[in-house]
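[1] Here is a sequence together with a model predicted from it:
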Amino acid sequence: MKKIRFGITGSGYMGRTHAEAIKHLSTTAELVAIWGGTRAEGLAARCGAAYEPTLEGLMKRRDIDAIVVTTPHQCHVKEVMLALEGGKHVLIEKPMATKLEDCDLMLAAAAKRGLITAVAHNLRFRINLPKLRQLIQEGTLGKVQSMHFSMIRQLVNAGNFGGNKTGWVNQPETVGFVIDGLPHGVDAMRWVTGAEVIRVAGFSRTYTPGRPIEDTTVGIMEYSNGAICSVHTTIASHGDFNGEMARLMICGDRGSVNMDGFGDMHLTDREQGWRLVSTQPPVMADDPESAYKIGRMLAFQNQIQSFIDGIHGKPSHVATGADGRAGLAACLAMLTSSQSGRVIDLR
């Protein structure tokens, strides 16, 4: 089977993450070139890839089949459109974009050219979330009734893994933390239940001094399967909340699950009670290099491989462009609800 040859836009935390993932897939993937950011030349040298000084140069290369986009949110649409115009498949770091109109442009361009657009939702490729999906599909939880997702982070720790976000995440163009953190939760809940978000209400605030955009959102969602859901995302925490980097709780009429996306997952029911059913190796945020060790990287390696499988026409669990749009729609609806004081209907 032909190797898929990759280019990457961006050279920060996520740029390096995807570069390392591609390096580990030497039989199915090859990293050809990197563009974007002050670290691009150094990252390219580290990975044995070419450094491209211009975005246009990267997109015009004929020795690249697919592009991984890891730049700030507002840059995605331009880079993705150039990639698609150049005949390249695209894997986009979440969020897919900052506007639904931009998502629609990308999806239409990809469909016109028969190319794949995918969105990076790595929780699908960790250990716990696929196990949770299996439990739901097997009927272990019964009918899903309610859910809760939280992502609680500290802004000053955003750069611990070598990709400091504290500059660009404060820009108004990035819209707010809710579209950075909550898409993971929306995708996780959509993927494990097979249901769609149909109504949204949210309260968004900014608590970080000097920050011009949202840093905290608490909201509720209604899903098409009848489940109701609460969400809490913030980047204004004053410390780390153990287990709350990606916490998902689901209650069904037969059983319930409490999942730490980076730790343990427990299941409880009337027959057997509380028990451990799955464990995800932790990612230690105080060790900059731990982000590139197997505990975290396996998910990204599996995600790249699934993207490659999709390009080859094989079954793939990677989130599609349509999935990415759906997640963004729910998150933007939170902001709209907060601003207007209304419940937002997405149907």
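    All right, it came through fine.
[2] Chain neighbours aside, what residue packs nearest to Arg347?
    Excluding the flanking residues, the one nearest Arg347 by C-beta to C-beta, 6 or more residues apart in numbering is Ile198, at 5.2 Å. For every residue, glycine as well, the C-beta is placed using N, CA and C.
[3] then stretch 275-286 to PDB, C-alphas only?
    Extracted as PDB, the C-alpha positions of stretch 275-286 are listed here (Å, rounded to 0.1, in the frame of the first residue of the first chain):
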ATOM      1  CA  ARG A 275     -15.900  -0.900  39.400                       C
ATOM      2  CA  LEU A 276     -12.900   0.000  37.200                       C
ATOM      3  CA  VAL A 277     -13.400  -1.000  33.600                       C
ATOM      4  CA  SER A 278     -10.600   0.900  31.800                       C
ATOM      5  CA  THR A 279      -7.500   2.900  32.400                       C
ATOM      6  CA  GLN A 280      -5.800   5.500  30.200                       C
ATOM      7  CA  PRO A 281      -2.100   6.100  31.000                       C
ATOM      8  CA  PRO A 282      -1.700   9.700  32.500                       C
ATOM      9  CA  VAL A 283       0.000  12.600  30.800                       C
ATOM     10  CA  MET A 284       2.100  14.500  33.300                       C
ATOM     11  CA  ALA A 285       1.700  18.200  32.500                       C
ATOM     12  CA  ASP A 286       4.700  19.100  34.600                       C
END
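[4] does the residue nearest to Arg347 belong to a helix or a strand, and which?
    strand 197-205 (DSSP states H and E).
[5] What strands flank that strand, and is each parallel or antiparallel?
    strand 216-223 (antiparallel), strand 344-345 (antiparallel) (DSSP bridges).
[6] what sits up against the first one?
    Read that as strand 216-223. 144, 147, 176-178, 182, 186, 189, 193, 195-207, 228-236, 330, 334-335, 337-338 (C-beta atoms under 8 Å, 6 or more residues apart in numbering).
[7] then that strand to CSV, C-alphas only?
    Listed next in CSV are the C-alpha coordinates belonging to strand 216-223 (Å, rounded to 0.1, in the frame of the first residue of the first chain):
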residue,chain,number,x,y,z
THR,A,216,-15.4,30.2,30.8
THR,A,217,-18.6,28.7,29.7
VAL,A,218,-21.2,26.7,31.5
GLY,A,219,-24.2,25.4,29.5
ILE,A,220,-26.8,22.7,28.7
MET,A,221,-27.5,20.7,25.6
GLU,A,222,-30.3,18.5,24.4
TYR,A,223,-29.5,15.6,22.2
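[8] Can you give me the neighbour number for Ser131?
    Quick fix: residue 131 is Lys, not Ser. 18 (other C-beta atoms under 10 Å).
[9] I figured it was touching Val277, is that so?
    Yes. Here Lys131 reaches Val277: they are 6.6 Å apart, a contact under C-beta atoms under 8 Å.
[10] which neighbours do these two share?
    Met265.
[11] What are the buried residues along stretch 250-264?
    Of all the residues in stretch 250-264, those buried under the rule 16 or more other C-beta atoms under 10 Å are Ile250, Cys251, Gly252, Gly255, Ser256, Val257, Asn258, Met259, Asp260, Gly261, Phe262, Gly263.
[12] Ok, stretch 182-194 next?
    Neighbour counts over stretch 182-194 (16+ other C-beta under 10 Å) mark Leu182, Pro183, His184, Gly185, Val186, Asp187, Ala188, Met189, Arg190, Trp191, Val192, Thr193 as buried.
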